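Enquirer: 3D, please:
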Amino acid sequence: MHNARRRKSSNLSGYAVAWCLLAALPVAMASEVKTEVDLPQPLMDRYEVLIAELRCPKCLNINIADSNAPIATDLRMVVAKQLKDGNTNQEIKAYLRERYGDFIDYDPPITPGTLALWALPIVMLLCAAVIFTYVGFRRQKLELTAEERTRLARLKARQES
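Expert: So this is what the prediction gives:
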């Protein structure tokens, strides 16, 4: 019996080690992969600002500065090349927006579509308030007439007997 307990204990510790290694795997895989670019200091400052403002199309809510996705690496290279070519920040963003859509920019332009996205929750809350108010007024407490009260009392008395 003592040996069976010891075997069970060693199996459990083996499972614990395996789970710890599996839990550490994503951390090991998320090693930092940064694109090294050779830019003069003023361009490097603009480069850092731009890659922090652009969203990775694959990672969804991570900017291309922090993303390790291959497309983010490519986009960092595109930004560096466009800066070397003398493009302004607006021109670079416009180029990337044209290619990847408004989603790539953390600060998308105001369009009818974005206005609808911002207005829709407010409109829905107002509609809900109107509906709840209407339903609340319709469910006002009704007063029974004297005849209805006596009839109700008779029905209750009949039910109890």
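Enquirer: ok, the spatially most central residue of the chain - contacts?
Expert: Most central in the chain under Cα atoms, centre = their mean is residue 61, positioned 7.0 Å from the mean C-alpha point. Contacts for residue 61 (Cβ atoms under 8 Å, 6 or more residues apart in numbering) come out as residue 55. The way it works is simple: take the backbone N, C-alpha and C, and place the C-beta from them, glycine included.
Enquirer: Please report the distance of it from residue 103.
Expert: Summarising the geometry, the distance separating residue 61 from residue 103, computed by Cβ to Cβ, to the nearest Å, is 11 Å.
Enquirer: Need the residues touching each of those two.
Expert: Overlap of the contact sets of residue 61 and residue 103 (by Cβ under 8 Å, 6+ apart) consists of residue 55.
Enquirer: which SS class is the residue nearest to the centre of the chain?
Expert: Residue 61 falls in the coil class when you classify it by DSSP: H, G, I helix; E, B strand; the rest coil.
Enquirer: Looks like residue 96 contacts residue 54 (just checking).
Expert: Yes - here residue 96 lies in contact with residue 54, judged by Cβ atoms under 8 Å, at a distance of 6.4 Å.
Enquirer: Just the buried residues of the helix or strand where residue 114 lies, please?
Expert: Secondary structure from DSSP states H and E places residue 114 in helix 112-138. For helix 112-138, the buried set under the neighbour-count rule, 16 or more other Cβ atoms under 10 Å, is empty.
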